[in-house]
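In: Sequence and predicted structure, then a few things I'm wondering about:
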Amino acid sequence: MARTLKTAAALCTAATLSACSFSMDSLWPSLTGDDPAPKPAPQKVEIPASQGERMNQPTIGPVGAPPALGNTNFVPPSVTPGQQTGTFVGQKVSTLRGELQRMRGEIRQHNAGLQTIRGQTAQHSQAYHTSIAAINSRLQVGTTPGNPFLVQNWNAAQQGLVRIDSDISQMNTLANAVAGTSTMSAYLLETTRAAYGLSGAIEEDHRQLAILEDEVNRTVVLIDRLLNELSEDINRQTSYVATERSNLTTLSLAIKNGELLGGSLANRAYATAAPLTTAAPMRSSSAAGSAGRRPLMVIRFAGPNVEYEQSLYNAVSQALARRPQAGFDLVAVASRRGTPAQVTLNSNKAKKNAESVLRSLANMGLPLDRIRLSATQQDTAESNEVHLFVR
């Protein structure tokens, strides 16, 4: 009997251990290289081609876009009417209510003027960018230098920018008028609150004063919002016009050359750049700090008409993309070969070439306080050269 009990206990122990072994094997992950649970194959999602991808010819978009104007319609509600109480305070409340009605009438006029100016500005901006897009698309495919049709479009674009500038002047005039109404609203609110202290009032007078005070408060808030939105429109449009004037100057250079350059260099983070030393006068020495430095670009004037402006724009644009606060040294390099008279002539020609490159950079939008001029002579120069360095 005892042997039977021992045998049964041994069998139970073995069963228990085998059960634990199975449980542990099922909990531990497989250490083989095979994936125990293969993942389903990913489903392919077909994305239809966009409208631009379905077109055979590439599209050319505008260089810039006009800033968004505010779209709030500032229409004040009507003034709540009141009853005559026959008291002195009641007469005062009636007078203040009339002033509020007159002030809200001025706000309606200001709002109508603002909406009219916004509509005009939107039309003028659309006409301006239509002319700019026509010029850019023609330059993109290539055209002749000084194309008269492009010159005509450029003049139309300039007139459009003048109209937008006129719209800004109207906004400034309207802002001054709204500021006067704002001063009147502040005075009306103080007068309404002071009317609570007048003697001889009844409960109806104070009830009407409370309604009037709430409506004056809402009017003050409405005027402040109108003035703030108008100021934001003026600031955005002013910055926009300044940027587009610089772009127009660069675009005129592109029309002159018959090839597209790009946007003005003045728009490449110069608003936050620290001012550098003003342009130094041209001097006949190599003390400009160019010795031992590798020039960004070398322009060799071996012939009468050297086309360098597109390459110059690309080089300066890439340099500004890497270092937005960079300045430039423009060095006129004259050949020292020949007689002293020939060396003097070469030096004068090199300086004139450097001044020509300087004007090109100015037309591209590069501020002149970012450029330093200098002149030197070299024995190794075969012709007059202009070296451009980054500093």
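Out: That came through fine.
In: just the strands in the stretch 201-350 of the chain please.
Out: Ranges of strands in the stretch 201-350 of the chain, per DSSP state E, counting those that start in this stretch, are 297-300, 328-335.
In: Rounded mean pLDDT for the longest one, please.
Out: Per-residue confidence for strand 328-335 averages out to 88 on the pLDDT scale.
In: Show me what that strand is packed up against.
Out: helix 340-363, strand 371-378, strand 385-390 (3 or more Cβ pairs under 8 Å, 6 or more residues apart in numbering; DSSP states H and E). Where C-beta positions appear, they are placed from N, C-alpha and C, glycine not excepted.
In: helices or strands next to the second one in the packing?
Out: For strand 371-378, the helices and strands in contact under the criterion 3+ Cβ pairs under 8 Å, 6+ apart are strand 328-335, helix 340-363.
In: Please identify the buried residues of it?
Out: Neighbour counts over strand 371-378 (16 or more other Cβ atoms under 10 Å) mark 371-377 as buried.
In: Kindly calculate the angle that it makes with strand 328-335.
Out: Relative orientation of strand 371-378 and strand 328-335, computed by axes from the mean of the first three to the mean of the last three Cα atoms, to 10 degrees: 20 degrees.
In: please begin residue numbering at 607 from this point
Out: From this message on, residue numbering opens at 607, which makes the last subject strand 977-984.
In: okay, strand 977-984 in PDB with CA atoms only?
Out: What follows is strand 977-984, C-alpha atoms only, in PDB (Å, rounded to 0.1, in the frame of the first residue of the first chain):
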ATOM      1  CA  ILE A 977      29.400  95.900 -50.100                       C
ATOM      2  CA  ARG A 978      32.900  97.200 -49.700                       C
ATOM      3  CA  LEU A 979      34.900  98.400 -52.700                       C
ATOM      4  CA  SER A 980      38.600  98.200 -53.200                       C
ATOM      5  CA  ALA A 981      41.200  98.000 -56.000                       C
ATOM      6  CA  THR A 982      44.500  96.300 -56.500                       C
ATOM      7  CA  GLN A 983      47.000  95.300 -59.200                       C
ATOM      8  CA  GLN A 984      48.400  91.800 -60.000                       C
END
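In: tell me the angle that strand makes with helix 946-969.
Out: 160 degrees.
In: ok, now the last one?
Out: In this structure, strand 991-996 runs at an angle of 40 degrees to helix 946-969, with the same axes, to 10 degrees as the basis.
In: Centre of the chain to stretch 935-947, how far?
Out: 43 Å (Cα atoms, centre = their mean, to the nearest Å).
In: pull the CA atoms of that stretch into CSV?
Out: What follows is stretch 935-947, C-alpha atoms only, in CSV (Å, rounded to 0.1, in the frame of the first residue of the first chain):
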residue,chain,number,x,y,z
ASP,A,935,34.0,92.6,-50.7
LEU,A,936,34.2,93.8,-54.4
VAL,A,937,37.8,94.1,-55.5
ALA,A,938,38.8,95.6,-58.9
VAL,A,939,41.9,93.7,-60.1
ALA,A,940,43.9,95.4,-62.8
SER,A,941,46.7,93.9,-64.9
ARG,A,942,50.2,95.2,-64.1
ARG,A,943,51.6,94.2,-67.5
GLY,A,944,52.7,96.9,-69.9
THR,A,945,54.0,100.5,-69.6
PRO,A,946,53.0,102.7,-66.6
ALA,A,947,50.5,104.5,-68.9
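In: Other residues contacting that stretch?
Out: Stretch 935-947 has contacts (Cβ atoms under 8 Å, 6 or more residues apart in numbering) with 888, 892, 894-896, 901, 949, 952-953, 955-957, 959-960, 963-964, 967, 977-985, 987-997.
In: Pull out the buried residues from those residues.
Out: By 16+ other Cβ under 10 Å, the contacts of stretch 935-947 give 888, 894, 896, 901, 952-953, 955-957, 959-960, 963-964, 967, 977-983, 987, 989-996 as buried.
In: which stretches of the protein aren't confidently modelled?
Out: Counting by pLDDT under 70, the ranges of the chain that qualify are 607-671, 872-898.
In: Break it down into its structural domains.
Out: Here the domain parsing of the chain from automatic domain parsing is 672-870, 903-996.
In: Excluding chain neighbours, give the residue nearest to residue 690 in space.
Out: What sits nearest to residue 690 in space, not counting adjacent residues and going by Cβ to Cβ, 6 or more residues apart in numbering, is residue 696, at 6.0 Å.
In: List the contacts of the one you found.
Out: Applying Cβ under 8 Å, 6+ apart, the residues near residue 696 are 690, 807-808, 810-811, 814.
In: what's the most distant pair in those?
Out: By the measure Cβ to Cβ, 690 and 807 form the most distant pair in the contacts of residue 696, at 13.5 Å.
In: between these two, who's got more neighbours?
Out: residue 807 (20 against 10; other Cβ atoms under 10 Å).
In: Go ahead and confirm that one touches residue 813.
Out: No - if you go by Cβ atoms under 8 Å, residue 807 and residue 813 don't touch, sitting 10.2 Å apart.
In: where along the chain do the helices fall?
Out: Remark: helices assigned in the chain by DSSP state H are 608-633, 657-660, 694-747, 754-800, 809-863, 915-928, 946-969.
In: Between those, which one is closest to residue 673.
Out: Taking Cβ to Cβ, helix 809-863 is the member of those nearest to residue 673, at 4.1 Å.
In: Nice, that's everything, thank you.
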